[in-house]
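Enquirer: need coordinates for the below:
(one chain, ligands or ions: 3)
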Amino acid sequence: MIFKNASVVFPDGVRKADIRTEGGIIAEIAPRIAGKDAIDLEGLTVFPGFIDMHVHLREPGFEKKEDIESGCRAAVKGGVTQLCCMPNTNPVTDNKVVVTYILARAKQVGLCKVHPVGAITKGQEGKELAAIGAMKAAGAVALSEDGKSVENSKIMSLAMQYASDFGLICLCHCEDKGLVDGGVCNEGYYSTLTGLKGSIRAAEDIMIAREICLAESLSLPVHICHVSTCSGVQLIREAKARGVRVTAETCPHYFTLTDEAIAEFDTNTKVNPPLREEKDRLAVIEGLKDGTLDCIVTDHAPHHADDKNVEYNLAAFGISGLETSFALSYTMLVKGGHLTLSGLADRMSAAPARILSLPGGSIAVGQPADLAVADLNEEWTIDPAGFVSKGKNTPFAGRKVFGRIKYTVVDGEIKYEEKRL
Ligand code: DOR
Ligand code: ZN
Ligand code: ZN
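Expert: Ligands and ions are numbered 1, 2, ... in the order given. Sure thing, here's the model as predicted:
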């Protein structure tokens, strides 16, 4: 297949080029490539397929919220060609059977590449380590207790060591449960205004600091999930500066929204960690600019209306993010003047590939032909009614954004074409 006449986002800049794929690999990149099976992308921009290393696909167990098929459809609609799915399923993904099941089902679905993340402890109960070696052998690419932290620091330190022995990294959801104490939002002006119970930044920062301390003491790598606080960004920046092998991610809602959004009690704004304040939002953007925050993930957390159409205190935490991540990121970060297109491709594709040692993540000869083709000039309005994800829970309904995915190509095959939706 030949993709012609597009602007191509390379690590060192954007250039017009044709791309020829063969056997699922990028075989040739040149100013002009002749041949049949050509598709004209004049006016469009080709990114390396996005790698979203933090997604909840909900299957097995919570198919009412999402399943592997609907989640993968949402992924390719968002330009995502590879994703990692979190283990807070039912049963928990804490053994090779569930890992094998997810991989088999994802292969049947045949849309994007799915990489299971195994739980750190059995049943995510924080007591006993899960079968780490067996999960790795079955295809798990990382470990996480996502949804909570591993409270016991001894167990967490053992987890980091076992993970490392098997070539895996721990993806750490950072939350001090005692300090959160049932909080549903950020503690500040808006928690006072609404009367909702808030939690302070330290509830997140303490666990970020602990994971950094463990990684530093053990000389092992660690990855911090969904950073939302200015102080968390600073902890990671300082740790990196002294050589700690810490990497980190954030999500579009942390650089586009603040806790002002909770004022109307819209449960779609309820997310964990919570939306913070303007200085946090700005610090997250600064972190993405200077590389303190390595990558952008969605923390795609689809929920059924039944889980959200309730009082704020009772609603589930989470935002359905796969179908809006690229447009929000492009609009806020590139049009906002904070990142170049190559910088955005690094945060959304190359960095996750580096952190997890996955193939792909950049456009070069010999790489998998995983591409996201976007019209950067198209402005559109986010409308959850049009989501293909089962999770319609977004706080961005009605928001105008730029950047529309037109095609998503996985291993050289078109897996999403907007016109055919
Ligand atoms: O908002 C969130 N939703 N944060 C998490 O840590 C878990 C996730 C979920 O599974 O719904
Ligand atoms: Zn989490
Ligand atoms: Zn998550």
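Enquirer: ok, the residue in the stretch 51-200 of the chain that ligand 3 sits nearest to - contacts?
Expert: Evaluated by Cβ to the ion, the stretch 51-200 of the chain has residue 146 as its residue closest to ligand 3, separated by 4.3 Å. All C-beta atoms are positioned from the backbone trio N, CA, C, and that covers glycine. With contacts taken as Cβ atoms under 8 Å, 6 or more residues apart in numbering, residue 146 has the following neighbours: 54, 56, 86, 87, 88, 117, 171, 173, 225.
Enquirer: got a markdown table for those, with neighbour count too?
Expert: As requested, the contacts of residue 146 are exported to a markdown table (neighbours: other Cβ atoms under 10 Å):
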| residue | neighbour count |
| --- | --- |
| 54 | 29 |
| 56 | 26 |
| 86 | 27 |
| 87 | 27 |
| 88 | 21 |
| 117 | 28 |
| 171 | 28 |
| 173 | 23 |
| 225 | 27 |
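Enquirer: nearest to ligand 2, of these?
Expert: Using Cβ to the ion, residue 173 is the member of those that lies nearest ligand 2, at 3.5 Å.
Enquirer: wait, that closest one touches residue 151, no?
Expert: No. Residue 173 is beyond contact range of residue 151, at 11.7 Å (criterion: Cβ atoms under 8 Å).
Enquirer: which residue, other than its chain neighbours, is closest to the residue sitting nearest the centre point of the chain?
Expert: The centroid of the chain falls nearest to residue 297 when counting by Cα atoms, centre = their mean (2.1 Å). Spatial nearest neighbour of residue 297, excluding adjacent residues (Cβ to Cβ, 6 or more residues apart in numbering): residue 54 at 3.7 Å.
Enquirer: what of residue 76?
Expert: For residue 76, ignoring the flanking residues on the chain, the nearest one in space by Cβ to Cβ, 6+ apart is residue 416 at 3.9 Å.
Enquirer: quick one: which helix or strand includes the one you found?
Expert: Under the criterion DSSP states H and E, the helix or strand holding residue 416 is strand 413-417.
Enquirer: centre of the chain versus that strand, how much separation?
Expert: On the basis of Cα atoms, centre = their mean, to the nearest Å, strand 413-417 sits 21 Å off its chain's mean C-alpha point.
Enquirer: three-state assignment of residue 191?
Expert: Put simply, residue 191 is helix when judged by DSSP: H, G, I helix; E, B strand; the rest coil.
Enquirer: tell me the pLDDT at it?
Expert: According to the model's per-residue confidence, residue 191 sits at a pLDDT of 98.
Enquirer: residue 410: neighbouring residues, count only.
Expert: Counted by other Cβ atoms under 10 Å, the residues lying close to residue 410 total 26.
Enquirer: these two touch, right, it and residue 360?
Expert: No. Using Cβ under 8 Å, residue 410 is not in contact with residue 360; the gap is 9.7 Å.
Enquirer: which residue ranges of the stretch 51-200 of the chain form strands?
Expert: Counting by DSSP state E, counting those that start in this stretch, one finds strands in the stretch 51-200 of the chain at the ranges 80-85, 113-118, 142-144, 170-172, 185-186, 198-199.
Enquirer: want to throw those into JSON lines with mean pLDDT?
Expert: What follows is those, written out as JSON lines (pLDDT from 0 to 100):
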{"stretch": "strand 80-85", "mean pLDDT": "99"}
{"stretch": "strand 113-118", "mean pLDDT": "99"}
{"stretch": "strand 142-144", "mean pLDDT": "99"}
{"stretch": "strand 170-172", "mean pLDDT": "99"}
{"stretch": "strand 185-186", "mean pLDDT": "99"}
{"stretch": "strand 198-199", "mean pLDDT": "98"}
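Enquirer: which of the ones you listed sits closest to ligand 1?
Expert: Put simply, out of the strands of the stretch 51-200 of the chain the one that sits nearest ligand 1 is strand 142-144, at 9.7 Å, with distance taken as Cβ to the nearest ligand atom.
Enquirer: list the strands paired with the closest one, with their directions.
Expert: Within its sheet, strand 142-144 is paired with strand 113-118 (parallel), strand 170-172 (parallel), according to DSSP bridges.
Enquirer: residue contacts, the residue nearest to the centre of the chain?
Expert: With contacts defined as Cβ under 8 Å, 6+ apart, the neighbours of residue 297 are 52, 53, 54, 55, 225, 226, 249, 250, 251, 352.
Enquirer: take the strands of the stretch 51-200 of the chain and lay them out in a markdown table including distance to ligand 2.
Expert: A markdown table is the format used below for those (distance: least, Cβ to the ion, whole Å):
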| stretch | distance to ligand 2 |
| --- | --- |
| strand 80-85 | 12 |
| strand 113-118 | 11 |
| strand 142-144 | 8 |
| strand 170-172 | 9 |
| strand 185-186 | 16 |
| strand 198-199 | 14 |
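Enquirer: could the ones you listed go into JSON lines alongside distance to residue 308?
Expert: Output for the strands of the stretch 51-200 of the chain, formatted as JSON lines (distance: least, Cβ to Cβ, whole Å):
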{"stretch": "strand 80-85", "distance to residue 308": "21"}
{"stretch": "strand 113-118", "distance to residue 308": "24"}
{"stretch": "strand 142-144", "distance to residue 308": "24"}
{"stretch": "strand 170-172", "distance to residue 308": "25"}
{"stretch": "strand 185-186", "distance to residue 308": "15"}
{"stretch": "strand 198-199", "distance to residue 308": "20"}
